[in-house]
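A.B. asks: Just the structure for this:
(chains A and B)
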Amino acid sequence: MAFWISRITISHCIGILFLLLQLGLVINARFAPERFFCWAPYDSHVQFKTSVEINGKFLTLEEAEKRYKYKMGGWEQRSIYNIFSIISQYEKTYGKNDEARVTIVYSINGHQEKVWNLKP
Amino acid sequence: MSLLLSFSSRLFKFEGTHMHPNILLMCKMLVILISAHHMLFKISDPFIPFIQEFDYLNEYPNFFKYTMRFLYVSCSVLLLFNVRVKTASLIIGLVVIINIIASKPLFFNHVLICGCALFLAGLTNNKTSPNLLIYQLSLVYFGASLNKFLDPDWWSGDFMHNWLGVARENGPYLYISQYFKDLVFAKSLSYITMFTEFTIAVLILFRRTRHLTILFIIIFHTILFTITSFRFGHFLESLAIVLLAFLSIPNKQLAITYRGNTVGYIKQLFQFFDLDKKQNWSKSTVKSDVWLSLKISDNVYLNHSALKKIIVYTPNFYMLLLFSDMASYIILYNHRTLLFFSNVIFIWLLIFYLVPFKQFKELSIPNN
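C.D. replies: Numbering: from 1, shown residues only, chains lettered A, B, ... in the order given. I've put the predicted structure just below:
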């Protein structure tokens, strides 16, 4: 035991802490709908369509993608809540004066379509 | 000129640093991989960050972007040319991870795994085994399996059917699934995936089962690629490269004896690859069935067993694979079907040749 403890370096401690942090994030993901930092790659497949209205004007798909720097339609291989998170945070910060209304129509894993709305 | 040549040859050298040669090889390949996927240009000022304090950095436009880009480029050069490799790897890993934390839209698991592996590689040394990387890999599979286990769509087959059948219109899946009712085929694939990932997460932690698990990982992902023709971003390549952490390249010289002119060409090829000068080739004049023999410490490997070991213990063989893969992607970019079939055939041939399915029947004799 003492032999192993003597071999543990600061580097190892940092590494172990880093891994424990990731483990914490994996557990945390059980209590949140988003799937960031929890090693859940390609675990859901969502078809979605976004409509963004800024001050009464609807953005084209390209304009919406440029605004959020993320794809705004088609197939998403990650949790759709990741996209909700991106849009919500953008509109609460950079776009808070834009009066944005965002609607996403989505279907997770082929289930019935649902609608998500973000209102100013 | 010769100094420049000598320095640039360091790109293909892996011995004599503070890292295990296989870990250094892993780091270099990861850096080449993410750089080829435009990592440098993806480094940008914070945008919708996970930690909102990053937004304060936007008060100084381009400061974050150019600082991180400078660190990425300079540390990549240091790492690739064997200068302060541990520090360089650590910083590149941090740059990749911080860049993701600073921009939510840049979150991708296939980039994050590269950042984590580089960061942890920077914390390992050449005296102990790379346990941190082993735990990391276990955690990746644990997270993936846990998320699937708790998702009803993975138990009902809805995810698999929607992905393969609807989104990708996968031919083999659609063909086979028509013979089964109630998504039985989709469920089977889901269950196999979930339990395989969980088994990998557990078995990789134990030394006794580790090698078998690595074979399992390679075959599992190759089957997945064969069925789906999908690389999940560059997740498959990244994972294959991280597996190099488990490759134990011998510290000692490889004493190789060969016979015949054909093997002479193989010798020339491997000597060209062996920039670390770890292989000592000598020609045998003794007439026998043995055309190639390899001696490592107390073990002697003969013929194909020897050739397989030489291939596996030649780091630049993996570099060649990576560059060939990139070249084939560029050349066959507009011929995706051909690209897919050539990839699949090549990978399976490589697996069937290199993987020791018959390791107990292999011609390997102890030296004494």
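A.B. asks: how about B:Ser282, secondary structure?
C.D. replies: strand (DSSP: H, G, I helix; E, B strand; the rest coil).
A.B. asks: Which helix runs longest in the chain?
C.D. replies: Using chain A here. helix A:10-28 (DSSP state H).
A.B. asks: right idea, wrong chain: chain B
C.D. replies: When chain B is parsed with DSSP H, its longest helix is helix B:207-228.
A.B. asks: for that helix, packing partners?
C.D. replies: Applying 3 or more C-beta pairs under 8 Å, 6 or more residues apart in numbering or on different chains; DSSP states H and E, we find helix B:207-228 packed against helix B:184-203, helix B:235-242, helix B:336-354. In short, each C-beta sits where N, CA and C put it, glycine included.
A.B. asks: again, 6 Å this time
C.D. replies: Judged by 3 or more C-beta pairs under 6 Å, 6 or more residues apart in numbering or on different chains; DSSP states H and E, the packing partners of helix B:207-228 are helix B:184-203.
A.B. asks: I'd like the average pLDDT over the helix it packs on.
C.D. replies: Average pLDDT, helix B:184-203: 95.
A.B. asks: Are it and chain A in contact anywhere?
C.D. replies: No: judged by C-beta under 6 Å from any C-beta of the partner chain, helix B:184-203 and chain A are separated, with a smallest distance of 9.9 Å.
A.B. asks: Pull out the buried positions in that helix.
C.D. replies: Across helix B:184-203, burial judged by 16 or more other C-beta atoms under 10 Å in any protein chain shown covers B:185-187, B:189-190, B:193-194, B:196-201, B:203.
A.B. asks: same question, stretch B:200-216
C.D. replies: For stretch B:200-216, burial by neighbour count (16+ other C-beta under 10 Å) applies to B:Ile200, B:Ala201, B:Leu203, B:Ile204, B:Leu205, B:Thr213, B:Ile214, B:Phe216.
A.B. asks: ok, the third one touching B:His211?
C.D. replies: No: the pair B:Leu203 and B:His211 fails to qualify as a contact (C-beta atoms under 6 Å) at a distance of 10.1 Å.
A.B. asks: just the buried residues of stretch B:200-216 now: which is nearest chain A?
C.D. replies: Distance to chain A across the buried residues of stretch B:200-216 (C-beta to the nearest C-beta) is lowest for B:Ala201, with 9.9 Å.
A.B. asks: surely the closest one meets B:Phe142?
C.D. replies: Yes: between B:Ala201 and B:Phe142 there is a contact under C-beta under 6 Å: 4.0 Å.
A.B. asks: Would you report the backbone torsion angles of A:Asp43?
C.D. replies: phi -100, psi -10 (degrees, to the nearest 10).
A.B. asks: The residue in chain A that chain B sits nearest to in helix, strand or coil?
C.D. replies: Nearest residue of chain A to chain B: A:Trp39, at 2.8 Å (C-beta to the nearest C-beta). Following three-state DSSP, we place A:Trp39 in the coil state.
A.B. asks: Could I get the contacting residues of it?
C.D. replies: Contact analysis of A:Trp39 by C-beta atoms under 6 Å, 6 or more residues apart in numbering or on different chains lists B:Val140, B:Gly143, B:Ala144.
A.B. asks: out of those residues, who's nearest chain A?
C.D. replies: Comparing the contacts of A:Trp39 against chain A with C-beta to the nearest C-beta picks out B:Gly143 as the nearest, at 2.8 Å.
A.B. asks: B:Gly171: how many residues sit nearby?
C.D. replies: B:Gly171 has 10 neighbouring residues, counting by other C-beta atoms under 10 Å in any protein chain shown.
A.B. asks: So it versus chain A, what's the distance?
C.D. replies: Plainly put, B:Gly171 is 18 Å away from chain A if you go by C-beta to the nearest C-beta, to the nearest Å.
A.B. asks: Contact partners for that residue?
C.D. replies: With contact set as C-beta under 6 Å, 6+ apart, B:Gly171 has no partners.
A.B. asks: Can you name the residues of the stretch 1-150 of chain B sitting close to chain A?
C.D. replies: Applying C-beta under 6 Å from any C-beta, one finds that the stretch 1-150 of chain B approaches chain A through B:48, B:104-105, B:107, B:109, B:120, B:123, B:132, B:135, B:139-140, B:143-144, B:147.
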